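K.L.:
Compute the structure for the input listed below.
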Amino acid sequence: MAKSKEIPVTSLNDPRLPVRFWRKVSVADSGCWEWTAGQLRGGYARFRVGGRGSKSGVAHRFAYETLVGKIPDGRQLDHLCRVRHCVNPANLEPVTPRENTLRGETPAAANAAKTHCPAGHEYTVSNTYLDKPRGIRMCRLCGRDRMRKIRAKKGK
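P.N.:
Here you go, the predicted structure:
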């Protein structure tokens, strides 16, 4: 993984962000800039960039792009602090969607982190079958054992 870009220290009430943005921020002891206003369904901070009547966006992206720079194409901002309503650019890192998922605290991340199947066989390139329609990976050794048992049952 490439080393992340050093985020310049930004002071609260930085004039590059509008006053109405800062009115919605509360600083936590952890260093997070916690969003106190509206949130999207997933807990991310919602901010209407152009004021009334304009489309609302995600506040952490707005803060990052205003204070740090453009988010590279194909990248998402990962909350290193794990606080979805944090808008502190120092707590955000542009990563690929896959990296963001793998770093998360979701069932998908937990499954992706597994190195062995339930029977103890290692997930290697040669021993892993990817079932793309179902979005799962399977152990080839276990699959062969399962098929042997099915064939043996049919043969009786």
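K.L.:
per-domain residue ranges of this protein.
P.N.:
Following automatic domain parsing, one finds the domains of the chain at 19-104, 114-155.
K.L.:
looking at the ones you listed, which is buried most?
P.N.:
The highest average neighbour count among the domains of the chain, using mean count of other C-beta atoms under 10 Å, belongs to domain 19-104 at a mean of 16. C-beta: built from backbone N, CA, C; applies to glycine.
K.L.:
Am I right that residue 77 falls within a strand?
P.N.:
Yes: using DSSP: H, G, I helix; E, B strand; the rest coil, the secondary structure at residue 77 is a strand.
K.L.:
List the contacts of it.
P.N.:
Taking C-beta atoms under 8 Å, 6 or more residues apart in numbering as the contact definition, residue 77 lies against 60-61, 64, 71, 92-95.
K.L.:
With residue 14 instead?
P.N.:
By C-beta under 8 Å, 6+ apart, the neighbours of residue 14 are residue 67.
K.L.:
where does the protein have low pLDDT?
P.N.:
Residues of the chain that meet the criterion pLDDT under 70 lie in 1-10, 51, 53-55, 156.
K.L.:
Which helix runs longest in the chain?
P.N.:
helix 140-155 (DSSP state H).
K.L.:
Alright, that wraps it up for me.
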